[in-house]
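Peer 1: fold the stuff below for me.
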Amino acid sequence: MIMSMGNLSSTLGSLNLFRLVSFHHSAIPKITKPSLFSQFPKVVSSMSYHKELAAAKKAASLAARLCQKVQKALLQSDVQSKSDKSPVTVADYGSQAVVSFILQRELPSESFSLVAEEDSGDLRKDGAQETLARITELVNDTLTSDGTCISCVSEEDVLTAIDSGKSEGGSNGQHWVLDPIDGTKGFLRGDQYAIALALLDEGKVVLGVLACPNLPLASIGGQDQHSLHNQIGCLFSAKIGEGTDMQPLDGSSPIKVHVSAIENPEEASFFESFEAAHSKHDLSSSIAKKLGVKAPPVRIDSQAKYGALSRGDGAIYLRFPHKGYREKIWDHAAGCIVVTEAGGEVSDAAGNPLDFSKGRYLDLETGIIVTNKKLMPSLLKAVRECLDEKPSSL
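Peer 2: Numbering: from 1, shown residues only. Below you'll find the model as predicted:
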């Protein structure tokens, strides 16, 4: 069909109005009736995840605020108490509750689905009342400090919010994926941890946010750390097709980031898990040696590694869990899109992209490797050769 110029102008005007209404729609605090555009869900979804990304950034930032408060109190306490895991338990549950509250408030939906690490089972047991009361207090303090919640939430509200994370995910519909504190051992040590939140749409990761409260704004690669040396707290965000942003957790303006452009493996540096129990350091060392990597590994906790790699702090991230361990989707979903939108690649040891559509677990071969597109072929080759030489590592 051929439109007249008058009809075309009218149609374009309608489209502009559609975009304008869609943009301002995100500012409406509550929706009590279906949106005018709910009859076009696929059109809206394909155009933008603007509202969803804004809600995710807000949720992760507020959860980070709660976690920072708990960690500060932990680090100021008696050294003996740092072996006690109750502070991270409080922060873990509190973070999940805050994210659940924010997402459901900002994005009202009858089909809200959250795949998350925690459930309220232990908090409903005898003897958990004091812990639950502390979590509820922290959640209320966090929500009211931002003006998000005027009236206080109850302990039962908190338990319900935590249990909203019981979804199994899958390849149909939209599912939020959350690790409320990724890197619990780093959290307890006062080191790196992350609040990692992603959105799956029909099994694909379409946006991701990493709140890294202890990650410096400057590179952790050892160079050019002067101007931003004392500033910590990063928020990474990525939306499919639109690149990756980084900004301070205090809400300052974001900047675009990109993975390292290094092509020569000998010049590359690589990240791996801080804890040897989380990844085979000896295998990573063999791969690095085969590639000719000269720099020692940078070992840090959590998906903060993905964030650091997305801005070029290092060029390679290697993760090879011990036999029998099953990777969970919340350990990689947000980090994966933060790196890929920054120009990187993420795959398993066979070069297959990670599949987040199969439920709560990732079914993959051997391990996870992350780098830029130019280094990936040589890295895959080195990984395969090392695995062939060490069949016991499989």
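Peer 1: so where's this protein uncertain?
Peer 2: 1-47, 78-85, 150, 222-229, 275-280, 390-394 (pLDDT under 70).
Peer 1: which positions in stretch 290-307 come out as buried?
Peer 2: The neighbour-count check on stretch 290-307 (16 or more other Cβ atoms under 10 Å) flags 290-291, 293, 297-307 as buried. C-betas here are computed from N, CA, C, even on glycine.
Peer 1: closest one of those residues to residue 206?
Peer 2: residue 306 (16.5 Å; Cβ to Cβ).
Peer 1: from residue 161, how far off is that closest one?
Peer 2: Residue 306 sits 26 Å away from residue 161, going by Cβ to Cβ, to the nearest Å.
Peer 1: residue 146 now?
Peer 2: 16 Å.
Peer 1: just to revisit the earlier point, show me which of the buried residues of stretch 290-307 is closest to residue 333.
Peer 2: For those, the residue nearest residue 333 by Cβ to Cβ is residue 303; the value is 9.2 Å.
Peer 1: residues contacting the closest one?
Peer 2: The contact partners of residue 303, by Cβ atoms under 8 Å, 6 or more residues apart in numbering, come to 179, 182, 183, 194, 196, 210, 212, 331, 332, 334, 335.
Peer 1: what sits against the nearest residue to the third one once chain neighbours are set aside?
Peer 2: It stands for residue 183. Closest residue in space to residue 183, ignoring its immediate chain neighbours: residue 302 at 2.8 Å, by Cβ to Cβ, 6 or more residues apart in numbering. Taking Cβ under 8 Å, 6+ apart, we find residue 302 in contact with 182, 183, 186, 192, 193, 194, 196, 212.
Peer 1: how many residues are close by residue 244?
Peer 2: A count of nearby residues for residue 244, using other Cβ atoms under 10 Å, gives 28.
Peer 1: wait, doesn't it sit right on residue 236?
Peer 2: Yes. The criterion here is Cβ atoms under 8 Å, and residue 244 meets it with residue 236 at 6.3 Å.
Peer 1: for those two, list the residues in contact with both.
Peer 2: Shared contacts of residue 244 and residue 236, defined by Cβ under 8 Å, 6+ apart, comprise 257, 310, 338.
Peer 1: quick one: which of the residues you listed sit in helices?
Peer 2: With helices defined by DSSP state H, the entries of those inside them are 310, 338.
Peer 1: most surrounded residue in the shared contacts of residue 244 and residue 236?
Peer 2: residue 338 (31 neighbours).
Peer 1: just the ones of the buried residues of stretch 290-307 in helices?
Peer 2: Using DSSP H, these in helices are 290, 291, 304, 305, 306, 307.
Peer 1: what's residue 142 in contact with, if anything?
Peer 2: For residue 142, the contact set (Cβ under 8 Å, 6+ apart) comprises 62, 63, 65, 66, 69, 94, 98.
Peer 1: and the gap between the second one and residue 380?
Peer 2: Plainly put, residue 63 is 35 Å away from residue 380 if you go by Cβ to Cβ.
Peer 1: ditto for the first one
Peer 2: The spacing between residue 62 and residue 380, counted by Cβ to Cβ, is 39 Å.
Peer 1: the two: which has the busier surroundings?
Peer 2: For residue 62 versus residue 380, neighbours defined as other Cβ under 10 Å are more numerous around residue 62 (23 against 18).
Peer 1: shouldn't that one be within a helix?
Peer 2: Yes. Residue 62 sits within a helix when classified using DSSP: H, G, I helix; E, B strand; the rest coil.
Peer 1: that one contacts residue 102, doesn't it?
Peer 2: Yes. When contacts are counted by Cβ under 8 Å, residue 62 is listed as touching residue 102 (6.2 Å).
Peer 1: okay, and the common contacts of the two?
Peer 2: The contact sets of residue 62 and residue 102 overlap at residue 148 (Cβ under 8 Å, 6+ apart).
Peer 1: could I get the ones in helices among the buried residues of stretch 290-307 in JSON lines, plus columns for distance to residue 271?
Peer 2: Below are those laid out as JSON lines (distance: Cβ to Cβ, whole Å):
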{"residue": "290", "distance to residue 271": "17"}
{"residue": "291", "distance to residue 271": "14"}
{"residue": "304", "distance to residue 271": "9"}
{"residue": "305", "distance to residue 271": "4"}
{"residue": "306", "distance to residue 271": "9"}
{"residue": "307", "distance to residue 271": "10"}
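Peer 1: nearest to residue 121, of those residues?
Peer 2: Ranked by distance to residue 121 (Cβ to Cβ), those are led by residue 304 at 28.6 Å.
Peer 1: what about residue 53, which SS state?
Peer 2: Look at residue 53: counting by three-state DSSP, its state is helix.
Peer 1: that one: neighbour count?
Peer 2: By other Cβ under 10 Å, the residues close to residue 53 number 21.
Peer 1: in this structure it contacts residue 239, no?
Peer 2: Yes. Using Cβ under 8 Å, residue 53 is in contact with residue 239, at 5.2 Å.
Peer 1: okay, and the common contacts of the two?
Peer 2: Residues touching both residue 53 and residue 239 (Cβ under 8 Å, 6+ apart) are residue 207.
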